[in-house]
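# sequence first, then the predicted structure, then my questions.
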Amino acid sequence: APHHLAEDVAEIPQLIRDLGAQNLPFFYFQEHGIGSKQKVEKAIELQQLPGFGTLDYRPILQALRDVSFRGWAEIFMHPTPRGIPILPTAAEITAALKKSQLHIEKLLTEVNA
């Protein structure tokens, strides 16, 4: 998860290439954000999700494509406090995750171009 490498985000694509697909069974699409550790406004907390924050996933997606990644991918975030839903209703959660999915899919088409 880019969340855990926030200080070295520019190195993530090379790390992916160095590891190769055989050593990457899954990838979390989660951006670093203060909302994973402390209570903040919901809009700030949601910045952990692709399409809500500022991380450019294109180099990461290109690296995953370069190593023929075929593992599991998950859109992920930590709500604060832990253990609560990321949003109040199932419909709101679905909409937020769909927005993230569409963002990643759009970036994939750019990487493929």
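In hand now; what should we look at? A quick note: this is a predicted structure, and the numbers were derived from the prediction, not measured. Numbers count the residues shown, from 1 in each chain.
# name the residues that touch stretch 96-113?
29, 46, 49-52, 57-58, 61-62, 65, 75, 86-87 (CB atoms under 8 Å, 6 or more residues apart in numbering). Glycine gets a C-beta too; all of them are placed from N, C-alpha and C.
# inside helices: which ones of the residues you listed?
Judged by DSSP state H, helices contain the following of the contacts of stretch 96-113: Arg58, Leu61, Gln62, Arg65.
# narrow the contacts of stretch 96-113 to those that are buried.
Among the contacts of stretch 96-113, those classed as buried by neighbour count (16 or more other CB atoms under 10 Å) are Phe29, Leu46, Leu49, Pro50, Gly51, Phe52, Tyr57, Leu61, Gln62, Ile75, Ile86, Leu87.
# format those residues as a markdown table; extra columns: distance to Ala6 and pLDDT.
A markdown table is the format used below for the buried ones among the contacts of stretch 96-113 (distance: CB to CB, whole Å; pLDDT from 0 to 100):
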| residue | distance to Ala6 | pLDDT |
| --- | --- | --- |
| Phe29 | 14 | 94 |
| Leu46 | 17 | 95 |
| Leu49 | 15 | 96 |
| Pro50 | 15 | 96 |
| Gly51 | 18 | 96 |
| Phe52 | 16 | 95 |
| Tyr57 | 14 | 95 |
| Leu61 | 18 | 96 |
| Gln62 | 20 | 96 |
| Ile75 | 17 | 95 |
| Ile86 | 20 | 94 |
| Leu87 | 23 | 96 |
